[in-house]
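Novice: Quick one, structure for this:
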Amino acid sequence: MTADCAEISLWFTAVCVSVSLSGVHIFQWMVCCEWDDETGEVDGFRQIGYDGEDVLSWDVKTNTWIAPKQQAVITKNSWNNDKERLAYYKNVLTQECPDWLKKFMKYGRSSLMRTELPSASLLQKTPSSPVSCFATGFYPDRVMMFWRKDGEELHENVELGEILPNHDGSFQMSVDLDLSSVTPEDWRRYECVFHLSGVKDDIITKLDKTAIQTNRDKSYGDFPLGAVIGPVVVLLLLVVSIAGYFIWKKNNNASDTS
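Specialist: Predicted coordinates:
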């Protein structure tokens, strides 16, 4: 069973599995209502399927059941003669269901309409590591992120990361670019593109060596010299102080005994 619904729609689907002497059979009942919040137009449908095939469908405009399969004609005629139930179906899809949609839109508008742009940065672990274009703090998670060269999207030497959640409900994502075969002169031809669904302008981050953030000390390569020297100096001073104290105490005791 297949059907297309507008973006603002409400679906109800029921699936029943029955086992009989003839085997396993699947009965499906699907209901959908649509509401256009600009024009106010309301539409919808009901469909019934059996073993994956449509057997009955309800036309909201004519308020009648249609049987695409000959086996369902008797059921179609019976249901079309039940005027009270037809009126109930039409009221549900044209009145009750759209009212639910309007309530859901009202309650969830802040979440449905929420858009937050990310902060984007360039990260690199070591000089030989790929450069990572990192975006965090965006919402919703309907995004595209990629590297491009001279305006053309790249697929080789690119690794796209997963969209991950942040603690505040926003999301983060990264895309890595391997520059091992790229000369420094060509770096300016590369840029990272972040596109958030529903937002017209993309966030463009030019590949600039001076903008790359790293936790390494540039003067000493990857070795975190500053983080090691500090504790070592403090330890040496402490050892020297203790040794000096014992030398002074020994000399002072020797002086007293003499």
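
Novice: show me where pLDDT drops low in the stretch 151-258 of the chain?
Specialist: 215-258 (pLDDT under 70).

Novice: Tell me which stretches of it form strands.
Specialist: 152-153, 158-160, 164-165, 171-177, 190-196, 203-206, 212-213 (DSSP state E, counting those that start in this stretch).

Novice: can you list those in TSV and add mean neighbour count and distance to Phe146?
Specialist: Heads up, the C-betas are built off the backbone N, CA and C, glycines and all. Supplementary listing: the strands of the stretch 151-258 of the chain in TSV, determined by neighbours: other CB atoms under 10 Å; distance: least, CB to CB, whole Å:
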stretch	mean neighbour count	distance to Phe146
strand 152-153	10	5
strand 158-160	14	7
strand 164-165	10	17
strand 171-177	20	6
strand 190-196	20	6
strand 203-206	15	11
strand 212-213	12	18
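
Novice: among those strands, which is nearest Ser57?
Specialist: Ser57 lies closest, by CB to CB, to one member of the strands of the stretch 151-258 of the chain: strand 190-196, at 38.1 Å.

Novice: How is this protein partitioned into domains?
Specialist: Residue ranges for the domains of the chain, per automatic domain parsing: 9-112, 119-214.

Novice: Ok, which of the strands of the stretch 151-258 of the chain comes nearest Val131?
Specialist: strand 171-177 (5.2 Å).

Novice: Please enumerate residues in contact with the closest one?
Specialist: 118, 123, 130-141, 143, 145-147, 154, 157-166, 190, 192, 207 (CB atoms under 8 Å, 6 or more residues apart in numbering).

Novice: Just the buried ones from these, in PyMOL syntax?
Specialist: Restricted to buried positions by 16 or more other CB atoms under 10 Å, the PyMOL selection for the contacts of strand 171-177 reads:
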select buried, resi 118+123+130+131+132+133+134+135+138+139+140+143+145+146+147+158+163+190+192+207
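
Novice: follow-up on the earlier one: could you export the strands of the stretch 151-258 of the chain as a markdown table, including distance to Arg85?
Specialist: Listed next are these as a markdown table, based on distance: least, CB to CB, whole Å:
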| stretch | distance to Arg85 |
| --- | --- |
| strand 152-153 | 55 |
| strand 158-160 | 52 |
| strand 164-165 | 46 |
| strand 171-177 | 46 |
| strand 190-196 | 46 |
| strand 203-206 | 54 |
| strand 212-213 | 66 |
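
Novice: Between the ones you listed, which one is closest to Asn63.
Specialist: Asn63 lies closest to strand 190-196 among the strands of the stretch 151-258 of the chain, at 42.8 Å (CB to CB).

Novice: Give me the angle between the closest one and strand 171-177.
Specialist: If you take axes from the mean of the first three to the mean of the last three CA atoms, to 10 degrees, strand 190-196 sits at 160 degrees to strand 171-177.

Novice: Strand 190-196 - contacts with which helices or strands?
Specialist: Applying 3 or more CB pairs under 8 Å, 6 or more residues apart in numbering; DSSP states H and E, one finds that strand 190-196 contacts strand 119-123, strand 131-138, strand 143-149, strand 171-177, strand 203-206.

Novice: Could you spell out the sheet neighbours of it, each with its direction?
Specialist: Partners of strand 190-196 in the sheet, by DSSP bridges, are strand 143-149 (antiparallel), strand 203-206 (antiparallel).

Novice: you'd agree Ala211 is up against Leu123?
Specialist: No. If you go by CB atoms under 8 Å, Ala211 and Leu123 don't touch, sitting 10.3 Å apart.

Novice: does Ser78 count as helix, strand or coil?
Specialist: helix (DSSP: H, G, I helix; E, B strand; the rest coil).

Novice: Tabulate the helices and strands packed on strand 190-196 (TSV), appending distance to Asp43.
Specialist: Formatted as TSV, the helices and strands packed on strand 190-196 follow (distance: least, CB to CB, whole Å):
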stretch	distance to Asp43
strand 119-123	41
strand 131-138	34
strand 143-149	31
strand 171-177	34
strand 203-206	38
